[in-house]
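Novice: dropping the sequence and predicted coords here.
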Amino acid sequence: MSGDAAIDAAGRPFRLEYGFGSHRGLRRQLNEDSLVVTGNLFAVADGMGGHEAGEVASRICVETLAAGVRQVRDDLTAEDLQRLMVSADEAIRRVGGSRAGTTLAGVAIVREQQGLYWMVFNVGDSRVYRLSEGRFTQVSVDHSEVQELVDQGHLRPEEARRHPRRHVITRALGTGEASEADFWMLPVHDGDRLMVCSDGLTTDVEDEQVRAVLSAHHGPQDAVDALIDGALRAGGRDNITVIVVDVEDTASEQERVVTSPRAAADEERQTTRPRRDTVDEADAADGEQEERP
């Protein structure tokens, strides 16, 4: 699914275009991932706890965030978001008795000193990436045993991907002692593309492949669909959830339209990308993939 939202920063209008999707994968009976998309908040929660406990934990998490953001609307601040994450942690603990938990990663548009910023946050090993001016970076840092080994120099990043304890996380909402989130503030720039995902994507799709897909697909929903397809083709070992958000400075776009010559009809056809609604022949032959919600 896809959508867009308009946000104004001190008279400079921005437009956000986004796509999102989730799939239970090819080996799991339940999809314990949940996501929230509100127009100024984009987040993925990956539940854990076995049976349906993980699904409940991730759902409580995103519902708490969504309800809180609706109350403040466009005036979301970093302090608001931190309070909502504490509320989500407490709500999960009440319902799950500290036996169910969830990771959480996402981005939110927040106002600081009359400017707009991305507030990137994460607890656990769901991730946030940014593609900006040709540079592709992982913004968030995993809270996991293997990440600690990488940070200490005992493990190379490429080894961490296949380490037997790569799924052991050190922080989560709703369970354990450590539930604090990490935060980063990034200015909102025209042309930025941000991606939020559960580890079901990054377990099966390497970062360079992710970068290639994000760079190759113009529409956010097309990129989401291609990333989920890629994870399924690689085995689909876990639930897969992806959100892609694009930033467009609409004032700059209007200036380009006014000052640039109109493209010829042939050029317009070449730069128009139709939405891919059909399943690849390889997908149809696979027979294991289910239709996305």
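Specialist: Done, it's in.
Novice: CA atoms for contacts and neighbours, from now on please.
Specialist: Fine.
Novice: name the helix or strand of this structure that has the lowest mean pLDDT.
Specialist: When the helices and strands of the chain are compared on mean pLDDT, DSSP states H and E, helix 265-271 comes out lowest with a mean of 31.
Novice: low-confidence ranges, the protein, go.
Specialist: 6, 8-12, 51, 114, 251-293 (pLDDT under 70).
Novice: hey, where'd the helices end up in it?
Specialist: Taking DSSP state H, the helices of the chain run over residues 53-72, 78-96, 145-151, 157-160, 199-202, 207-216, 220-233, 250-259, 265-271, 281-286.
Novice: residues contacting D125?
Specialist: Shown in contact with D125 (C-alpha atoms under 8 Å, 6 or more residues apart in numbering): 103-104, 141-144, 169, 198-199.
Novice: any idea how far the residue most central in space within the chain lies from N122?
Specialist: What sits nearest the mean C-alpha location of the chain, by C-alpha atoms, centre = their mean, is V196, with 1.4 Å. Distance, V196 to N122, by C-alpha to C-alpha, to the nearest Å: 10 Å.
Novice: who touches both of these two?
Specialist: Shared contacts of V196 and N122, counting by C-alpha under 8 Å, 6+ apart, come down to 105-106, 128.
Novice: what comes up buried for stretch 111-120?
Specialist: 111, 116-120 (16 or more other C-alpha atoms under 10 Å).
Novice: distance from stretch 84-98 to the middle of the chain?
Specialist: Computed by C-alpha atoms, centre = their mean, to the nearest Å, the separation of stretch 84-98 from the middle of its chain amounts to 21 Å.
Novice: also stretch 211-231?
Specialist: With C-alpha atoms, centre = their mean, you get 13 Å for stretch 211-231.
Novice: start to end distance for that stretch?
Specialist: End to end - C-alpha to C-alpha - stretch 211-231 spans 14 Å.
Novice: the helices of the chain: which one's closest to G176?
Specialist: G176 lies closest to helix 78-96 among the helices of the chain, at 9.7 Å (C-alpha to C-alpha).
Novice: for P187, give me its contacts.
Specialist: Counted by C-alpha under 8 Å, 6+ apart, P187 has contacts 116-118.
Novice: kindly report the same for G54.
Specialist: G54 neighbours (C-alpha under 8 Å, 6+ apart): 32, 46-48, 100-102.
Novice: A234 - how many residues pack around it?
Specialist: A234 has 13 neighbours, counted by other C-alpha atoms under 10 Å.
Novice: would you confirm that it contacts D204?
Specialist: Yes: the pair A234 / D204 is scored as a contact, 5.7 Å apart, by C-alpha atoms under 8 Å.
Novice: who touches both of those two?
Specialist: By C-alpha under 8 Å, 6+ apart, no residue touches both A234 and D204.
Novice: all strands of the stretch 1-150 of the chain, in order?
Specialist: Using DSSP state E, counting those that start in this stretch, the strands of the stretch 1-150 of the chain run over 2-9, 12-23, 33-37, 41-48, 101-112, 115-123, 127-132, 135-138.
Novice: turn these into a markdown table, columns for distance to R70.
Specialist: What follows is the strands of the stretch 1-150 of the chain, written out as a markdown table (distance: least, C-alpha to C-alpha, whole Å):
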| stretch | distance to R70 |
| --- | --- |
| strand 2-9 | 14 |
| strand 12-23 | 17 |
| strand 33-37 | 11 |
| strand 41-48 | 10 |
| strand 101-112 | 13 |
| strand 115-123 | 17 |
| strand 127-132 | 23 |
| strand 135-138 | 28 |
